[in-house]
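In: Here you go, sequence then predicted model.
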Amino acid sequence: MLNNYSVSMYVYVFLSRDLIRKGHLNMAPIHNPMHAVLIESFGGPERLYIGEWAKPHPGPHEILVKVEATALNRADILQREGKYPPPEGESPVMGLEMAGVVESVGQGVSKWKPGDLACGLLAGGGYAEYVTLHEDVALPVPQGLTTIEAAGIPEVFLTAFQALRWLAQLQEGERILVHAGASGVGTAAIQLAHTMGAHTIVTASAAKHPICKELGAEHAIDYQGIDFEDDVLEYTHGKGVDVVIDFIGGPYFQQNLNVLAYEGRMVMLAFLGGVQAGQLNLGPVLRKRLQIIGSTLRARNLDYKIRLSQDLYHFAWPLFENGRLRPVIDSVFDWKDVSKAHQYMEENRNQGKIVLKVG
């Protein structure tokens, strides 16, 4: 029997080609088109192209933003491959964040006016000339930053802030292990942990250690040549870490349990290495009173995203504006080269965010 996710995946996979080409299922012409990055059919980066899509209109308490830049996320690759459908009711166009200029506002909007610079988290639609989002999810572009830089803030800093502050409740003086330290979320997590007074260890390929240490990591482990479990326990004199932020999943699960200290917390944000963990010794979970927390952000409800966005804004915006936090931009691609940008991410070449300049 199909569950709700299976049904939505079935519909997404078998109807998306027509949906993406025309913007709706009845194949009616697009009366008010804009341009967006679309998917010809699920598969590799070569399946992406720029075509016409229906321009959105702001509803009550929404703003319409002319997108100047968006940024890539691993979720975009999964969606392009047909493995990660958007939440029900959200745009099937890729793109989970953006920055640009407010063009118009919907009924009841009091915080924004045309011409304001805004960035924000999206459930989809960022690879397009225009997007709409709730006025309280939208955030001002920090003073001193461009829209190119601001496009690299929302998804990774909100994800990292949620993991560290809301879920793990990281405290000053604690030790934290961040896997994939040079990824977008990894670079955000290192900086946030540093500002929170924590001591950060990261795993990353050796070539990416300098950027991790520049951002505040105190110790970096080359996961390609060293067993991170042994290294962490040696570095911490057998004490382990209080928090683990993990994107790898199954292959690291046992080692993550082993390096956690008593009453440690592990936040799992992705399964880049797969969901199968093989044989496990779960003894550390009870013996050390561990917490294992899984989370995604895209499918959270609007109220949650508003509260998280506003909490990050009050915590982080002064730090962006005084230079203590910064979006780490690896490269900027014209959106006409979106296929090249996706391939670049798939090759794991980036250190920080890959940004698409739109228009």
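Out: It's in. All figures in this text were calculated on a predicted structure; none of them were measured in a lab.
In: so where do the strands sit in the stretch 1-150 of the chain?
Out: Counting by DSSP state E, counting those that start in this stretch, the segments of the stretch 1-150 of the chain that form strands are 33-39, 48-54, 62-71, 97-105, 117-121, 130-134, 139-140.
In: nearest to Q291, of these?
Out: strand 117-121 (25.4 Å; C-beta to C-beta). In short, each C-beta sits where N, CA and C put it, glycine included.
In: What lies in contact with the closest one?
Out: For strand 117-121, the surrounding residues in contact (C-beta atoms under 8 Å, 6 or more residues apart in numbering) are 63, 65, 96-102, 112, 133, 137-141, 147, 150-151, 153-155, 158, 297, 305, 309.
In: chain center to it: distance?
Out: 14 Å (C-alpha atoms, centre = their mean, to the nearest Å).
In: Partner strands of that strand, with direction?
Out: Paired neighbours of strand 117-121 in the sheet (DSSP bridges): strand 97-105 (antiparallel), strand 139-140 (antiparallel).
In: Give me the residues contacting the shortest one.
Out: Going back to what we said before, that points to strand 139-140. Residues outside strand 139-140 that contact it (C-beta under 8 Å, 6+ apart) are 116-120, 153-154, 309, 312-313, 317.
In: If I look at G225, what pLDDT would I see?
Out: On pLDDT, G225 comes in at 83.
In: hang on, it packs against A206?
Out: Yes: between G225 and A206 there is a contact at 7.5 Å, judged by C-beta atoms under 8 Å.
In: of the two, who's got more company?
Out: A206 (13 against 8; other C-beta atoms under 10 Å).
In: how near is that one to A220?
Out: According to C-beta to C-beta, to the nearest Å, A206 and A220 sit 8 Å apart.
In: what sits against the nearest residue to V358 once chain neighbours are set aside?
Out: Counting by C-beta to C-beta, 6 or more residues apart in numbering, V67 is the residue found nearest to V358 once chain neighbours are left out, at 4.6 Å. Contact analysis of V67 by C-beta under 8 Å, 6+ apart lists 98-100, 126, 128-131, 358-359.
In: Please tell me which one of these counts the most neighbours.
Out: That'd be G126 among the contacts of V67, by other C-beta under 10 Å, with 34 neighbours.
In: Low-confidence regions, this protein specifically.
Out: For the chain, the stretches with pLDDT under 70 are 1-29.
In: what's the domain layout of it?
Out: The chain breaks down into these domains under automatic domain parsing: 4-153+298-357, 157-294.
In: can you give me the angle the helix or strand harbouring Y304 makes with strand 117-121?
Out: Assigned by DSSP states H and E, Y304 falls within helix 302-321. Here the directions of helix 302-321 and strand 117-121 differ by 130 degrees (axes from the mean of the first three to the mean of the last three C-alpha atoms, to 10 degrees).
In: Kindly compare burial across the strands paired with strand 117-121 and name the winner.
Out: Burial of these is given as mean neighbour count (mean count of other C-beta atoms under 10 Å); strand 97-105 ranks first at a mean of 23.
In: what's the spacing between that strand and its chain's center?
Out: Put simply, strand 97-105 sits 19 Å off its chain's centre (C-alpha atoms, centre = their mean).
In: got the contact list for that strand?
Out: Applying C-beta under 8 Å, 6+ apart, the set of residues contacting strand 97-105 from outside is 58, 62-71, 73, 112-122, 126, 130-131, 135, 141, 147-148, 150-155, 358.
In: can I assume L48 is in contact with R80?
Out: Yes: between L48 and R80 there is a contact at 6.8 Å, judged by C-beta under 8 Å.
In: Need the residues touching each of the two.
Out: Counting by C-beta under 8 Å, 6+ apart, the residues touching both L48 and R80 are 39, 342.
In: CA atoms of stretch 110-126 as CSV?
Out: The C-alpha coordinates for stretch 110-126 follow below in CSV (Å, rounded to 0.1, in the frame of the first residue of the first chain):
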residue,chain,number,x,y,z
SER,A,110,3.4,46.7,6.6
LYS,A,111,7.1,45.9,6.8
TRP,A,112,8.1,46.2,3.2
LYS,A,113,7.8,48.6,0.3
PRO,A,114,8.9,48.5,-3.4
GLY,A,115,12.6,49.0,-3.8
ASP,A,116,13.6,47.3,-0.5
LEU,A,117,16.3,44.7,-0.7
ALA,A,118,15.2,41.3,0.7
CYS,A,119,16.5,37.8,1.1
GLY,A,120,14.7,34.7,2.4
LEU,A,121,14.1,31.0,2.7
LEU,A,122,11.8,29.3,0.1
ALA,A,123,10.2,25.9,-0.2
GLY,A,124,10.8,26.2,-3.9
GLY,A,125,10.8,28.7,-6.8
GLY,A,126,14.2,30.5,-6.3
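In: Just the buried residues of that stretch, please?
Out: Within stretch 110-126, the residues that qualify as buried are 112, 116-126, counting by 16 or more other C-beta atoms under 10 Å.
In: I293: which of these is nearest?
Out: Checking those against I293 with C-beta to C-beta, the nearest one is L121 at 20.0 Å.
In: what's the neighbour count on the residue lying closest to that closest one once chain neighbours are set aside?
Out: Distance criterion C-beta to C-beta, 6+ apart; nearest residue to L121, sequence neighbours excluded, is P154 at 4.4 Å. Counted with other C-beta under 10 Å, residues neighbouring P154 total 27.
In: Roughly how far does S183 sit from T203?
Out: S183 is 11 Å from T203, where distance means C-beta to C-beta.
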